[in-house]
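Student: next come a sequence and a model predicted from it.
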Amino acid sequence: MAERFLVEAVNDALHVEMERDADVLLLGEDVGRAGGVFRATAGLRDRFGADRCVDTPLAEAGILGSAVGLCMAGFRPVCEMQYDAFSYPCLDQLITHVGRYRWRTGGTMTFPLTIRMPYGGGVRAPELHDDSPETYYVHTPGVKVAIPSTPADAKGLLAAAIRDPDPVVVLEPKLVYRTERGEVPDGEHVVPLGKARLAREGGDLTIVAYGAMVPVAERAADALASKADIEVLDIRSLKPLDEEALLASASKTGRVVLVQEAARTCGYAAELAAILAEKAILDLRGPVLRVTGYDVPYPYWSIEDAYMPSAARVVDAARRLLAF
Amino acid sequence: MAERFLVEAVNDALHVEMERDADVLLLGEDVGRAGGVFRATAGLRDRFGADRCVDTPLAEAGILGSAVGLCMAGFRPVCEMQYDAFSYPCLDQLITHVGRYRWRTGGTMTFPLTIRMPYGGGVRAPELHDDSPETYYVHTPGVKVAIPSTPADAKGLLAAAIRDPDPVVVLEPKLVYRTERGEVPDGEHVVPLGKARLAREGGDLTIVAYGAMVPVAERAADALASKADIEVLDIRSLKPLDEEALLASASKTGRVVLVQEAARTCGYAAELAAILAEKAILDLRGPVLRVTGYDVPYPYWSIEDAYMPSAARVVDAARRLLAF
Amino acid sequence: MASTIPAERGLRRVIGDDASIPDGEVDGLDDEGLLELYRSLVLLRTYDERSVIYHRQGRIGTYAIYWGHEAMQAGSFHALADDDWIFPSYRESAIGLLRGMPPATILSWWRGHPAGWWNPADYNVASICVPIATHVPHAAGLAWGKRLRGEDACAIAYFGDGATSEGAFHEGANFAAVMRAPAILFCSNNGWAISTPVSAQTRAQTLADKAIGYGIPSARVDGGDVLAVYEATRAAVARARAGEGPTFIEAVTYRAAPHATADDPSAYIDPERVEEARANECLGRYERYLRRHGLLDAELEQQLKAEAADVMRAGIAAAEAEPKPDLGLLFEHALVDPPASFQTDLAELRRILG
Amino acid sequence: MASTIPAERGLRRVIGDDASIPDGEVDGLDDEGLLELYRSLVLLRTYDERSVIYHRQGRIGTYAIYWGHEAMQAGSFHALADDDWIFPSYRESAIGLLRGMPPATILSWWRGHPAGWWNPADYNVASICVPIATHVPHAAGLAWGKRLRGEDACAIAYFGDGATSEGAFHEGANFAAVMRAPAILFCSNNGWAISTPVSAQTRAQTLADKAIGYGIPSARVDGGDVLAVYEATRAAVARARAGEGPTFIEAVTYRAAPHATADDPSAYIDPERVEEARANECLGRYERYLRRHGLLDAELEQQLKAEAADVMRAGIAAAEAEPKPDLGLLFEHALVDPPASFQTDLAELRRILG
Ligand SMILES: Cc1ncc(C[n+]2csc(CCOP(=O)(O)OP(=O)(O)O)c2C)c(N)n1
Ligand SMILES: Cc1ncc(C[n+]2csc(CCOP(=O)(O)OP(=O)(O)O)c2C)c(N)n1
Ligand SMILES: [Mg+2]
Ligand SMILES: [Mg+2]
């Protein structure tokens, strides 16, 4: 066990998994010589060589498309997209091929590729370095999606993604890359996809969150501590979803606040709310409330704090729900 | 008034709007010489010339990206994507530019472009001619989305889209291009965005649908007629949404079945369900049920009928809800 | 620094015209090989012509006709080894036949039947690619992977003239070049992308010119000359195996049939050019070549065509004998490890459909 | 058929080296014009150097340094007329200065402040494009639109060497060519895409070679030679106005500064080449040229630099004097016609934030 920042845990996972399996190959823009713009891939080119840690041309569809071909040659490619919004050029390959190719072969060929990228706002960056694109990925059949919020999960979920026989997208909350710090198991460490993490137990109200919104949820829970006993559920595996954990918590507390950084309409919180409206309707003691980014372009950073779901907004929603 | 098929109404709208405003310009693959693979653009090149009805190179991002530039030159481009799944290459331009450019100019420049495309399954076509991609569009800030289900709306919503100062995506249900036939007002006909259409009034249960799912909902309502009085709400403008109409119907009937052809997770029905779970929780007499496509690649067409939400599935959901 | 190889302007030809142009020479094919090539052409042609009829009869769905493209497909195919990978577009849907894929498989694909699914590794033939040009990066990746593994195999991707306008083509070609992937980018330039002529697709003088921008060599061949296509592909394969990276081949023909069964080209095509193309179509040209060289007579021709017709008759029968697929297939194959919801959904669906 | 213009291999130069290479001639610039160009270079250089300092002082955010790129920007800029449109990437963030945009606007952009928003039509300068190459189709579309309207204006898009690998570049360049759009595709080849050298970006001999695939002419110039850049752009603009369509310009330099303030190039860059590039940087080269021609003396130089420094001092003061934006702005400007939910959201947010 070592204390690591979240981004260091990512780096650790890549070292361990590339060591473990010679078919794992990393490709992306600036992942090699520079070790990644966030240094998530630092040291890998030196350790595993330029053929396994590849600085590609600047072309996201080319990266993901050639990864599909590399899978056919028996590799397990890990593709880095440099930032959330710069993954959009790869959506066509993702939707038309990555999510369908196995199906198209009648299940005879696997595409064990991983796409990882830093995502999310709050980092005082120029435009398009702040998006939360999970809906585009989650809505696409044939791919799995995970978003860690702790260093240990950042390592374990990435390892699970790399080992998974299906395509997995891992979104890493860049806002907490170097603020979330915690114990990370040394060596092999796998956190299975499809299992939520109960970040905090409570009986009065559940805050459901993932990624950089988990610390926000926890701060809100702290702020509410004197008034209510708040449960925080870290979804962490968006697809497959741990529906059981969601429904169990909803049935226990009867009150659910969903937090997501992405724009509201058709965000992931909508999916969670829909599941609750279908399967927990008799458990609910009040409306299902969403605290989300707004249906507007991610703003200039001088006002981004007002856009990002804050503990204050979560507290407000929780208070309203408790008073319902 | 003339009786027209839905695709003919689209063609009519294009004729009227291009006649009305010389800045309207149509671009896409095969929209000119061939008049479109569905003949939605037939006659336009002859009438308005090759400079206003442009056969472009085969490049969807190029089409949408150059449309952004055409807006800057004062045009109102109407971009055709040949099929739903072939619009994916344009998503990057859509998300990074089309939805943000006006915002980026501090609201000083407008981008009155329209993207239209046939969408949806059931047409016995090879792979990737069957997708329902509305989530990718609806989730993107800065763009509006409309999906007509009748010939009159196909004309009126497209006209509204073309005249709208903001970017609008119009998805046309190709399954009913030449089966839905109805009266279409001659000449100028505009159906405002943001207004739902009450396709059928009823008091016991609301089926909410759009596009090719509206006739399915109506068939289900017919099938249920002896048991219950079903309301069918045709959302038709997904963004902006007529939330009032949705909530009014939910408050009247207390029972809502949402129908969507797209894959379930983070589909548009999830958004509707989330709104209901937040704002209609006290009106609901049972769970909000979704009848949707499945979270799998759109299937080979020999089994597509089992994938597509059918009247039988809608009836089943409605029965369960009525019996709740 | 090696000097950029400018695309050749003329179209390579091997087959003469029975008059002023004499037949050229081709390496690597003995009489047996020449006849194998013929057999492939006949099989492809028969498949195509029968498919159009099956479509009219309602026995298969919309079908992308490749009539007149057979020389590009068979010629290039025969320059490959069995380990080499093929990445077809819808236009090369039947190329798997040449690797022993049963016609019923491909017919099933066009029947929207899951029996049209295959394991690419069984034939080293990737799935038919429907979205234009998006398979070019796949071929680049596969070939790059083969190089990394130290294997000898290369990859060939087939795409059309229109495909060269797509970003996916560009990114794939560049990846192939940068990774020195043993790949062949085979452009079947049939003059049209549905109704859009190549003159509205690009201002480049030739599509082969595009190769210069990737620093890769190119060849332009007469796409109706099966031996010229063979020859050019053989050279490209040799380069690939020698570790010299990708080659771009532009094979030129004129589309003499509709884009697909759903298409009516009368609104846009040049009927004279179609006439000309049909008169000069690749199978006939090769037959005349073989006859000139004493390798083909009427009897052999009829025999091979009859054989191919039999294969197709059996193929469509087999495709039609496939049982209607169970709807459970909806939930299969997308994921190795499907979520529990798939079972629930399937059970519900079965209950409703009774 | 016009013959394809092969990309030139050498780099055009106009400015000599004070030794063996004599100064060339340049059309279209009188002494006044030559000094205008100098003023622009000085302004851009001053902006850049001050910005790096402001960043260190925490007064602006991450900043994309363009030190050494000024000649490419100013040289090409001065070949344009006021009606011509400019499509900058983040690397040309300050090019609007040359069209009279206040430094405070651009500084505000880098401060993440909405005062950094501008109306493109006010300056004929499009918004700064952050996602690589995606503005190339915008420039193609604008230029195409200008041609359709019968206006004389052209468009110039600036992008880097790395950008040429993106599909968006490809599609935009092809659209420009096919539509005979009066566009200039200006590639600032600084040898690096962050840490990726151009040798890992392409196997093409030169980036200008890519133009051949679009059937458009190209020029390669020394990106440190402001007059060579001017000259090449002037020729491209003349072609555009004559209705001859787009031109590709590759201007070559070596990035002598970090990619951006957040970048540490020590891990990848060649320090000797950086040294060399810094010694031969464009502003100094032009100053020596002007001195050789008796157009510049120490006094004028100091005066212009002091003026530029004053402009920047005033600029940062103005940017810092901008009031903290109201959060209501979150909901403004995305849509002409916002949905009712925006008001509800804003009201709730104000209530919560008190
Ligand atoms: C990305 C994408 N856009 C559009 C289409 C629709 N489409 C199918 S075939 C075709 C024309 C292709 O032309 P070309 O590349 O020349 O190949 P050909 O059909 O002539 O063999 C088009 C536009 C598609 N399949 N994929
Ligand atoms: C689509 C996209 N992918 C990745 C990035 C991240 N990124 C920013 S600058 C850069 C390198 C660009 O290199 P080049 O085109 O040579 O321009 P330069 O920065 O050298 O001026 C990258 C990869 C981006 N902005 N957009
Ligand atoms: Mg073609
Ligand atoms: Mg560069």
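Tutor: Good, I have the coordinates. Ligands and ions are numbered 1, 2, ... in the order given.

Student: is there proximity between stretch A:194-201 and chain C?
Tutor: Yes: between stretch A:194-201 and chain C, judged by Cβ under 8 Å from any Cβ of the partner chain, the touching residues are A:G194. In this view, the C-beta of every residue, glycine as well, is placed from N, C-alpha and C.

Student: what does that stretch contact?
Tutor: Residues outside stretch A:194-201 that contact it (Cβ atoms under 8 Å, 6 or more residues apart in numbering or on different chains): A:149-150, A:153, A:214, A:217-218, A:221, A:230-237, A:240-242, A:245-246, A:249, C:339.

Student: excluding covalently adjacent residues, which one is nearest to the spatially most central residue of chain C?
Tutor: A centroid search over chain C (Cα atoms, centre = their mean) returns C:E92, at 3.2 Å, as the residue closest to the centre. Once flanking residues are discounted, C:E92 sits nearest to C:Y158: 4.7 Å by Cβ to Cβ, 6 or more residues apart in numbering or on different chains.

Student: with just CA atoms, put the helix or strand encompassing that neighbour into PDB.
Tutor: Applying DSSP states H and E as the criterion places C:Y158 in strand C:155-160. Listed next in PDB are the C-alpha coordinates belonging to strand C:155-160 (Å, rounded to 0.1, in the frame of the first residue of the first chain):
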ATOM      1  CA  ALA C 155      -3.700  -6.100 -44.900                       C
ATOM      2  CA  ILE C 156      -5.700  -4.700 -47.900                       C
ATOM      3  CA  ALA C 157      -8.500  -2.300 -47.500                       C
ATOM      4  CA  TYR C 158     -11.000  -1.700 -50.300                       C
ATOM      5  CA  PHE C 159     -12.800   1.500 -50.600                       C
ATOM      6  CA  GLY C 160     -14.300   3.800 -53.300                       C
END
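
Student: packing partners for it?
Tutor: Applying 3 or more Cβ pairs under 8 Å, 6 or more residues apart in numbering or on different chains; DSSP states H and E, we find strand C:155-160 packed against helix C:70-77, strand C:85-87, helix C:136-148, strand C:183-189.

Student: what about it, near ligand 3?
Tutor: Yes: with Cβ under 5 Å from the ion as the criterion, ligand 3 is reached by strand C:155-160 at C:G160.

Student: name the SS class of A:L157, please.
Tutor: helix (DSSP: H, G, I helix; E, B strand; the rest coil).

Student: surely it meets A:P148?
Tutor: Yes: counting by Cβ atoms under 8 Å, A:P148 is a contact partner of A:L157 at 4.9 Å.

Student: shared neighbours, the two?
Tutor: A:170, A:191, A:236.

Student: how about the residue nearest to the spatial centre of chain A, nearest residue that isn't a chain neighbour?
Tutor: Chain A has A:I147 as the residue nearest its centroid, 1.8 Å off, counting by Cα atoms, centre = their mean. Spatial nearest neighbour of A:I147, excluding adjacent residues (Cβ to Cβ, 6+ apart): A:G211 at 4.2 Å.

Student: model confidence at that neighbour, what's the number?
Tutor: As predicted, A:G211 sits at a pLDDT of 98.

Student: so it sits against A:Y177, correct?
Tutor: No: using Cβ under 8 Å, A:G211 is not in contact with A:Y177; the gap is 11.3 Å.
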